[in-house]
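**Student:** Need coordinates for the following:
(one chain, ligands or ions: 1)
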Amino acid sequence: MDSVTEFTSVDAIFSAGHQQVVFCADEASGLKAIIAIHSTALGPALGGTRFYPYPDQAAALTDVLRLSKAMSYKNALAGLDLGGGKAVIIGDPARDKTEPLLRAYGRFVESLAGRYITACDVGTYTPDMDVIARETNHVSARSVEYGGAGDSAGLTAFGVFQGMRACAQHAWGTPSLTGRRVAVAGVGKVGLQLVDHLIENGASVVITDVDPAAVDRVRTTHPLVDVADDTAALLAQDPDIFAPCALGGALDDQTVDTLRAAIVCGGANNQLAHPDIGKALADRGILYAPDYLVNSGGVIQCENEVGGYPAERARLMTERIFDTTLRVFALADADGVPPVAAADRLAERRMASVGRLSTIHLPGAHA
Ligand SMILES: NC(=O)c1ccc[n+]([C@@H]2O[C@H](COP(=O)([O-])OP(=O)(O)OC[C@H]3O[C@@H](n4cnc5c(N)ncnc54)[C@H](O)[C@@H]3O)[C@@H](O)[C@H]2O)c1
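**Tutor:** You can find the predicted model right below:
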């Protein structure tokens, strides 16, 4: 997956391979949003809505193009019948999020008639999806009280744990994490529940978080978990596994140069600060599980909710992240490429081979 650099012109949007980019404005409610549909080869584009105070519109456009493209690859690798899309609302969620703004946004989602299905992302939560759902059916991640599947962080953490077990299998010949030292950076919704799985399975865990309340929540349940002051102190403890579970860009040149962990596998999106980091990790013999491969539990839950399937189906599909991760590592070894390149190849093959099935005409269908 090529990285998406800064976009300031319409020509650049075309060259990034996106299908549709919609700018949405409603002056009265203050809504300024961009919905980007990267691909619908496998089905309607599903991806969350990020509510963020971008410094300018170019930054928002760059982000939504990058994020929507990543969703195509994530959904394809997860085996879902979904394409990739994403939306950004420009603003400070603490100040600007109101019922009229969310409902205005919902009406723009509705205008796409199901080509795009939204969900939560940074700055948006299940109650926001309930508000958006008053204007459109094309929304997932609704609260349980409103008929949805609720917050997806639990299934995301479970999927990351499955990916981590596959890493252990590939690196050490056993999926067991018993006795392994795992460093978790960011113990919010995903990190916290990843720690639960790790402790339950006998790993020794060290955590860090910029929010002391997040650290306290982990220590309340797991008093024996160690705490580091920051990510540098966390990695200085020489963990076997580094699990970035905070924001993007955790793996930059400096971190990779000093990292001594055998495995990197975490829930955070966009962990690689730039595309060459995947190769730098491989060159240093560090096994990296691509983020969009192992953190798809959340989107699997959304697809399950939209389809009205039992929760057990989503759990089974998330368990398969173990097998898919092993397939990615096997392909990486066979092709002599970093896992991130192998994951891209698998996703692109599925988008091409399954995506072309719509060329078999079905009477009564539009496509
Ligand atoms: N929630 C999901 O279902 C889901 C799905 C896929 C991917 N993700 C990704 O996983 C990551 C975590 O998501 P979440 O839902 O747990 O978010 P969250 O906001 O609940 O947790 C993030 C945590 O990281 C901490 N943090 C921020 N900067 C930090 C830093 N520099 N060092 C240490 N800690 C830091 C925050 O204080 C917070 O506790 C994000 O990158 C998100 O995009 C989440």
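
**Student:** Going by C-alpha atoms from here, please, whenever you check contacts or count neighbours.
**Tutor:** Noted.

**Student:** quick one: the helices in the stretch 201-350 of the chain?
**Tutor:** Taking DSSP state H, counting those that start in this stretch as the test, the helices found in the stretch 201-350 of the chain are 212-221, 231-235, 253-258, 277-283, 291-294, 297-307, 311-319, 321-335, 339-355.

**Student:** What residues sit buried inside the third one?
**Tutor:** Taking 16 or more other C-alpha atoms under 10 Å as the basis for neighbour counts, the residues of helix 253-258 that come out buried are Asp253, Val256.

**Student:** ok, now stretch 305-315?
**Tutor:** Neighbour counts over stretch 305-315 (16+ other C-alpha under 10 Å) mark Glu305, Val306, Ala314, Arg315 as buried.

**Student:** Stretch 21-35 too?
**Tutor:** The neighbour-count check on stretch 21-35 (16+ other C-alpha under 10 Å) flags Val21, Cys24, Ala25, Ser29, Gly30, Leu31, Lys32, Ala33, Ile34, Ile35 as buried.

**Student:** ditto for stretch 129-141
**Tutor:** In stretch 129-141, residues buried by neighbour count (16+ other C-alpha under 10 Å) are Met129, Asp130, Val131, Ile132, Ala133, Glu135, Thr136, Asn137, His138, Val139, Ser140, Ala141.

**Student:** For the fifth one, give its distance to Arg103.
**Tutor:** Relative to Arg103, Ala133 is positioned 8 Å away (criterion: C-alpha to C-alpha, to the nearest Å).

**Student:** Run the chain-centre distance for whichever helix or strand Ser68 is part of.
**Tutor:** Ser68 is located in helix 57-77, with elements delineated by DSSP states H and E. Here helix 57-77 is found 10 Å from its chain centre; the criterion is C-alpha atoms, centre = their mean, to the nearest Å.

**Student:** coming back round to it: let's have the buried residues of stretch 129-141 in JSON lines, adding secondary structure.
**Tutor:** Formatted as JSON lines, those follow (DSSP: H, G, I helix; E, B strand; the rest coil):
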{"residue": "Met129", "secondary structure": "helix"}
{"residue": "Asp130", "secondary structure": "helix"}
{"residue": "Val131", "secondary structure": "helix"}
{"residue": "Ile132", "secondary structure": "helix"}
{"residue": "Ala133", "secondary structure": "coil"}
{"residue": "Glu135", "secondary structure": "coil"}
{"residue": "Thr136", "secondary structure": "coil"}
{"residue": "Asn137", "secondary structure": "coil"}
{"residue": "His138", "secondary structure": "coil"}
{"residue": "Val139", "secondary structure": "strand"}
{"residue": "Ser140", "secondary structure": "coil"}
{"residue": "Ala141", "secondary structure": "coil"}
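
**Student:** from these, which are also near the ligand?
**Tutor:** Residues of the buried residues of stretch 129-141 in contact with the ligand (C-alpha under 6 Å from any ligand atom): none.

**Student:** Widest-spaced pair of those?
**Tutor:** Greatest spacing in these, by C-alpha to C-alpha: Glu135 and Ala141 (15.1 Å).

**Student:** which residues of the stretch 251-367 of the chain score low on pLDDT?
**Tutor:** 366-367 (pLDDT under 70).

**Student:** redo that, cut-off 50
**Tutor:** Along the stretch 251-367 of the chain, no part satisfies pLDDT under 50.

**Student:** Give me every residue in this protein lying close to the ligand.
**Tutor:** By C-alpha under 6 Å from any ligand atom, the part of the chain that sits against the ligand consists of 152-153, 156, 185-191, 208-211, 214, 245-248, 267-269, 295, 298.

**Student:** If any of those are buried, put those into a PyMOL selection.
**Tutor:** Those of those that count as buried under 16+ other C-alpha under 10 Å are selected in PyMOL with:
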select buried, resi 152+153+156+185+186+187+188+189+190+191+208+209+214+245+246+267+268+269+295+298
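
**Student:** buried set for stretch 146-166?
**Tutor:** 148-166.

**Student:** Just the ones in strands from the residues you listed, please.
**Tutor:** Assignment to strands by DSSP state E places none of these there.

**Student:** Just to be sure, which of these are found in helices?
**Tutor:** Judged by DSSP state H, helices contain the following of the buried residues of stretch 146-166: 153-166.

**Student:** Turn those residues into TSV, columns for pLDDT.
**Tutor:** Formatted as TSV, these follow (pLDDT from 0 to 100):
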residue	pLDDT
Ala153	94
Gly154	95
Leu155	97
Thr156	97
Ala157	98
Phe158	98
Gly159	98
Val160	98
Phe161	98
Gln162	98
Gly163	98
Met164	98
Arg165	98
Ala166	98
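
**Student:** so which of those residues comes closest to the ligand?
**Tutor:** Distance to the ligand across these (C-alpha to the nearest ligand atom) is lowest for Ala153, with 3.6 Å.

**Student:** ok, that closest one touching Gly298?
**Tutor:** Yes. The pair Ala153 and Gly298 qualifies as a contact (C-alpha atoms under 8 Å) at a distance of 6.3 Å.

**Student:** Between those two, which contacts overlap?
**Tutor:** Shared contacts of Ala153 and Gly298, defined by C-alpha atoms under 8 Å, 6 or more residues apart in numbering, are not found at any residue.

**Student:** Quick check: buried residues in stretch 355-365?
**Tutor:** Gly355.

**Student:** CA atoms of it as CSV?
**Tutor:** Written as CSV, here are the backbone C-alpha positions of stretch 355-365 (Å, rounded to 0.1, in the frame of the first residue of the first chain):
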residue,chain,number,x,y,z
GLY,A,355,-13.8,-8.0,-6.8
ARG,A,356,-14.0,-9.1,-10.4
LEU,A,357,-17.0,-11.4,-9.6
SER,A,358,-19.3,-8.5,-10.1
THR,A,359,-18.5,-8.8,-13.8
ILE,A,360,-20.6,-12.0,-13.9
HIS,A,361,-23.9,-10.4,-14.7
LEU,A,362,-26.9,-11.5,-12.5
PRO,A,363,-30.3,-10.7,-14.0
GLY,A,364,-32.1,-8.2,-11.9
ALA,A,365,-28.9,-6.8,-10.4
